[in-house]
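**Student:** what follows is a predicted structure for the sequence shown.
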Amino acid sequence: AGRPPAGAPDWLVRAHELRTELNRHNHNYYVLDQPSIPDSEYDRLFQELQALETGHPELLTPDSPTQRVGGAPLPQFDPVRHDIPMLSLGNGFTDEDIEAFDKRVMDGLETLQEVRYAAELKFDGLAISLRYENGVLVQAATRGDGATGENVTANIRTVRAIPLRLHGDRIPSVLDVRGEVLMYKQDFARLNQRQRDAGQKEFANPRNAAAGSLRQLDSRITAQRTLRFFAYGIGVLEGMDMPASHSALLDWYQELGLPVCKERAVVSGAAGLLAFFRGIGEKREALPYEIDGVVYKVDRLDQQKHLGFVSRAPRFALAHKFPAQEALTAVQDIEVQV
Ligand SMILES: CC(C)(C)c1nc(N2CCN(c3ncccn3)CC2)c2cc(C(N)=O)c(N)nc2n1
């Protein structure tokens, strides 16, 4: 991947080695949650690569980890049309809603057999689309109204959980990855502490903090916010066949080095959906990020196609939301103005 030709000068070889090693450490730390190097060592390698690139600007490749520090502020965000629209999701709240969803799906498929669903978390962040060409990240856009979003490529490059180049040998010519950018609860608490210390406005919740960080025109500010990403959908795919199911798609995404949440399962029928929902409900408080429910998707893609969409929302998918938590208004100890 971007390997220097035989007989290349040794600084070119060294730059490639550094890029590959730094991207691997990024992947281990931000995608696998398994740091493979002390931060001080990572910084040393990073600075060596930065020095090489400063001396040889032609070395600056789009997948270089030095591209993650953010550049000069943009005047505005350009619009990006999604070649394949980013849809919306129907909601369900009660067990009956879920049973009705399963029944509609079985009727739509004209089957008496239990349907297999891919069940996953509903992250409370913001939806984006990442375009990779020959495995290199070339563009990132927010969902916007589903048809047109904002070009946030410069900001997305600073998100260390998002690979600048895909791994492995099953890389398509064009791939649109859909997923959610979010902020972990701990990183949110640290950010608000920094905001308070700097006498700046705090964010109301991790979702607003993620959205605010991604809608920054100055990507150097975005680079200081620890944003995460989980992939959960696909738009354009060229140069390869679409995987046969949603669960196979996510397995393939993991091979490519994209972050996929491990809290997912393939379950059967309404009973399987409800069991998954209850299981996640018990884990919810302990999760490192906020979720506002789970999402069910008919797993087989041929069955998804057969079911199609109704007014932009797929018939094959449903979000099952948790009851809204009454606003936990912590009683702030009122500062006595002396
Ligand atoms: C690919 C499909 C359409 C089935 C789909 N669409 C989603 N969303 C659509 C509505 N979205 C939306 N956003 C803003 C305004 C209206 N709708 C936000 C993304 C999904 C969101 C999540 C999540 N949050 O974790 C998820 N695990 N899977 C999704 N899958």
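**Tutor:** In hand now; what should we look at? Numbers count the residues shown, from 1 in each chain.
**Student:** the ligand contacts on the stretch 1-150 of the chain?
**Tutor:** Listed as neighbours of the ligand in the stretch 1-150 of the chain under the rule C-beta under 6 Å from any ligand atom: Leu87, Ser88, Leu89, Glu120, Leu121, Lys122, Phe123, Ala127, Arg143. C-betas here are computed from N, CA, C, even on glycine.
**Student:** ranges for the helices of the protein?
**Tutor:** For the chain, applying DSSP state H gives helices covering 10-26, 39-55, 95-108, 153-156, 185-197, 206-214, 219-222, 246-256, 269-283, 301-307.
**Student:** any chance of a markdown table for the ones you listed, columns mean neighbour count?
**Tutor:** A markdown table is the format used below for these (neighbours: other C-beta atoms under 10 Å):
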| stretch | mean neighbour count |
| --- | --- |
| helix 10-26 | 17 |
| helix 39-55 | 14 |
| helix 95-108 | 16 |
| helix 153-156 | 24 |
| helix 185-197 | 14 |
| helix 206-214 | 21 |
| helix 219-222 | 19 |
| helix 246-256 | 19 |
| helix 269-283 | 16 |
| helix 301-307 | 16 |
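**Student:** re earlier: could you dump the residues of the stretch 1-150 of the chain next to the ligand to JSON lines with pLDDT?
**Tutor:** Formatted as JSON lines, those follow (pLDDT from 0 to 100):
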{"residue": "Leu87", "pLDDT": "90"}
{"residue": "Ser88", "pLDDT": "93"}
{"residue": "Leu89", "pLDDT": "95"}
{"residue": "Glu120", "pLDDT": "98"}
{"residue": "Leu121", "pLDDT": "98"}
{"residue": "Lys122", "pLDDT": "98"}
{"residue": "Phe123", "pLDDT": "98"}
{"residue": "Ala127", "pLDDT": "98"}
{"residue": "Arg143", "pLDDT": "97"}
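**Student:** looking at those, which is nearest Glu48?
**Tutor:** Minimum distance to Glu48 across these is 35.7 Å, recorded for Phe123 (C-beta to C-beta).
**Student:** near the ligand, which residues of the stretch 151-300 of the chain are found?
**Tutor:** Taking C-beta under 6 Å from any ligand atom as the measure of proximity, the stretch 151-300 of the chain contacts the ligand at Arg178, Glu180, Tyr232, Gly233, Val295, Lys297.
**Student:** and the second one, bridged to which residues?
**Tutor:** Bridge pairing for Glu180 (DSSP bridges) gives the partners Ala127, Phe230.
**Student:** name the helices or strands packed onto the helix or strand of the chain with the lowest mean pLDDT?
**Tutor:** None of the helices or strands of the chain scores lower by mean pLDDT, DSSP states H and E than strand 309-310, at a mean of 82. Based on contacts counted as 3 or more C-beta pairs under 8 Å, 6 or more residues apart in numbering; DSSP states H and E, there is no element that strand 309-310 packs against.
**Student:** what pLDDT does the model give Ala330?
**Tutor:** For Ala330, the pLDDT comes out at 48.
**Student:** which one of the residues of the stretch 151-300 of the chain next to the ligand is nearest Arg104?
**Tutor:** The closest of these, once distances to Arg104 are taken by C-beta to C-beta, is Lys297, at 14.0 Å.
**Student:** quick check, the closest one in contact with Ser245.
**Tutor:** No: judged on C-beta atoms under 8 Å, Lys297 makes no contact with Ser245 at a distance of 9.4 Å.
**Student:** since that was my last question, I'll sign off now.
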